[in-house]
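**Student:** from the sequence below, what's the structure:
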Amino acid sequence: MVSAHRYREEFGQAALGDDPGVLAMIRDPRLNLAVWRGAAPTANNSYLMDLDISTLSPDVRWTSDYRREILNYAWSVNQLRDESRLLALDYALEDAGFPDGPDGGNGGRMDVARTIIDLVGHFAAVCKPNGGSVGTSLMAFQPSENNFWHTDKGDTLGLITLRGAAGTWWRPDCTMRENGRDIQGTPVRANDTLAQPTAPGDLLLLKCRDTDQALIHGSPPVPGYRLVMVMWPF
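**Tutor:** Modelled structure (predicted):
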């Protein structure tokens, strides 16, 4: 496995890898981002790309002119693998407007449910190894030009794009100014040379404002609906 020192040299303060083991590197005090590339092979598959996101029922707690929370779920880490939790999530997705899978079956929606539970499990293994709970939010983002560089509240956050263009992060990650320009709170621009893109299906573990290494990140300034999953420990 590539050392944290080499990651730091190549990617600023981020660790990137093709297996879930890279996520544990978020514990390294020198790093503020760990990325498991390709964590969700279902991202941007035909079922999700054919999904009419505009028809999904929002959870009103996080509804705005550009973002709608489709699902908010709390998981007990010790009960993640219970079959009943998978079925309950499938029903919740159905209630939110996710259609049946191909040929009238549950394949497409059930695959989304399995993907969510798998991702929560990997997140919990790093952020809640001794048990506890993980919060999950599934958000639909409408096309918007008002995308800003920002940091998030809390300690550690999990972030993954399941449909649409994936997010981007700022390098050097914990530097609030670059060439005299305040980064945080300014629009994400397509030509920012220090903006580092990620891919749909990449799972990002990032440090937030309760640490001294909050990752500056943002949504890409590109058209198209996006479906994004967010996770946090509590």
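
**Student:** beta partners of residue 73?
**Tutor:** Bridge pairing for residue 73 (DSSP bridges) gives the partners residue 136.

**Student:** I'd like to know how far it sits from residue 94.
**Tutor:** Look at residue 73 and residue 94: by CB to CB, to the nearest Å, they are 14 Å apart. C-betas here are computed from N, CA, C, even on glycine.

**Student:** what residue lies at the spatial centre of this protein?
**Tutor:** residue 159 (1.6 Å; CA atoms, centre = their mean).

**Student:** isn't residue 185 right up against residue 149?
**Tutor:** Yes - using CB atoms under 8 Å as the test, residue 185 is close enough to residue 149 to be in contact (6.7 Å).

**Student:** look at those two and report which has more neighbours.
**Tutor:** With other CB atoms under 10 Å as the criterion, residue 185 and residue 149 differ in neighbour count, and residue 149 comes out ahead with 22 against 11.

**Student:** how many other residues sit next to residue 196?
**Tutor:** The number of residues near residue 196, taken as other CB under 10 Å, comes to 18.

**Student:** keeping just the C-alphas, turn whichever helix in the chain runs longest into CSV.
**Tutor:** When the chain is parsed with DSSP state H, its longest helix is helix 107-127. Below are the C-alpha coordinates for helix 107-127, written out as CSV (Å, rounded to 0.1, in the frame of the first residue of the first chain):
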residue,chain,number,x,y,z
GLY,A,107,-33.8,-5.5,-9.0
GLY,A,108,-33.0,-1.9,-9.6
ARG,A,109,-34.4,-0.4,-6.4
MET,A,110,-33.2,-3.3,-4.3
ASP,A,111,-29.7,-2.8,-5.8
VAL,A,112,-29.8,0.8,-4.6
ALA,A,113,-30.9,-0.4,-1.1
ARG,A,114,-28.0,-3.0,-1.0
THR,A,115,-25.5,-0.3,-2.2
ILE,A,116,-26.6,2.1,0.6
ILE,A,117,-26.3,-0.5,3.3
ASP,A,118,-22.9,-1.6,2.0
LEU,A,119,-21.6,2.0,2.0
VAL,A,120,-22.9,2.7,5.5
GLY,A,121,-21.2,-0.5,6.7
HIS,A,122,-17.8,0.6,5.3
PHE,A,123,-18.3,4.1,6.7
ALA,A,124,-19.3,2.7,10.1
ALA,A,125,-16.2,0.4,10.2
VAL,A,126,-14.0,3.5,10.2
CYS,A,127,-16.1,6.1,12.0
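
**Student:** ok, residues contacting that helix?
**Tutor:** By CB atoms under 8 Å, 6 or more residues apart in numbering, the list of residues contacting helix 107-127 from outside reads 20, 23-24, 26-27, 36, 39-40, 42, 45, 47-48, 75, 77, 80-81, 85-86, 89-90, 93-94, 98-102, 132, 134, 136, 138, 156, 158, 160, 162, 203, 205, 229, 231, 233.

**Student:** give the contact list for the residue lying closest to residue 53 once chain neighbours are set aside.
**Tutor:** Across the structure, with CB to CB, 6 or more residues apart in numbering as the measure, the residue nearest residue 53 apart from its sequence neighbours is residue 225 (4.3 Å). Residues touching residue 225, when contacts are defined by CB under 8 Å, 6+ apart, comprise 53, 54, 140, 141, 142, 143, 163, 164.
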